[in-house]
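1. Fold the stuff below for me.
(one chain, ligands or ions: 1)
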Amino acid sequence: MPRPNSPGWLVVLEGIDGAGKSTVLRRIAEHCAARGIPCVTSGEPTRGQWGMKLRQSMSEGRLTLDEELALFLKDRAEHIATLIAPALAEGKVVLLDRYYISTAAYQGARGADPVWILSENEKFAPKPDLVLLLDFDPAGGLDRIRARGDSPNTFEELQSLREVRRIFLSLDRPFIRRVDAAHTSEEVWQQCRENFDSVVQ
Ligand code: TYD
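-> A predicted model of the protein is given here:
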């Protein structure tokens, strides 16, 4: 197995909104603790200056595609410099809720070329050791978002989620493993754990 981030590991959870990423993130963090593997959790957009601008734009009016792309890249560069790269250098598992694969899928769904987005990001962003793509029918995803009391925002319209899902599934990278998130949370966890244990050892 290649170790692109040795001595650490970069593990990313991806998928459309409502696919259950935060539950899996928490369980992987617990799994690491039980195995004595140092682990930090984070996600994008961050809660830093650029990430907060992006979050604000989601609730208060959407930026243009170019503005949005530029902000995601700035947010990511800061995230890498301040958290991701140092933790990898310390030999930790860095566990992320979303990373540049989301940019390819979401900004791709707005009209940018997903292949170009991947290659632009890979010029500066460490490639993940593992991406768990929690794949789920968007109609069900929206039901889950509503069930937990959140209202779908402009990012979460059904039509665009279908397109986001289609792009996620089309991305061609050896580190992406698709997990069927339509199963029970226990079954989803089993699939994620098997993939995680095959990479982080
Ligand atoms: P989300 O994971 O819902 O954030 P949180 O749960 O912390 O509030 O992400 C917010 C939205 O940002 C989500 O709809 C996907 C979108 N997004 C992009 O459009 N491009 C990106 O590069 C990233 C990382 C997220």
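
2. Residue 200 versus the residue of the chain most remote from its centre, what's the distance?
-> Distance to the chain centre peaks in the chain at residue 36, reaching 23.9 Å (criterion: Cα atoms, centre = their mean). Separation of residue 36 from residue 200 (Cβ to Cβ, to the nearest Å): 12 Å. Where C-beta positions appear, they are placed from N, C-alpha and C, glycine not excepted.

3. Over to residue 125?
-> Taken as Cβ to Cβ, the span from residue 125 to residue 200 is 20 Å.

4. Residue 10 now?
-> Distance of residue 10 to residue 200, given as Cβ to Cβ: 10 Å.

5. Okay, now stretch 10-26: how far is its last residue from its first?
-> 15 Å (Cα to Cα, to the nearest Å).

6. Of all the residues in it, which ones are buried?
-> For stretch 10-26, the neighbour count (16 or more other Cβ atoms under 10 Å) marks 10-21, 23-25 as buried.

7. try stretch 41-59
-> Those would be 41, 42, 43, 44, 45, 46, 50, 51, 53, 54, 57, for stretch 41-59 by 16+ other Cβ under 10 Å.

8. Out of those, which is nearest to the ligand?
-> residue 44 (3.8 Å; Cβ to the nearest ligand atom).

9. what sits against that closest one?
-> The contact partners of residue 44, taken as Cβ atoms under 8 Å, 6 or more residues apart in numbering, are 51, 72, 75, 76, 79, 96, 97, 98, 99, 102.

10. picking up where we left off before, can you flag which of the buried residues of stretch 10-26 belong to strands?
-> 10, 11, 12, 13, 14 (DSSP state E).

11. after the helix or strand of the chain with the lowest mean pLDDT, next one along is what?
-> Lowest by mean pLDDT, DSSP states H and E among the helices and strands of the chain is helix 138-147, with a mean of 67. Moving toward the C-terminus from helix 138-147, the next helix or strand (DSSP states H and E) is helix 158-170.
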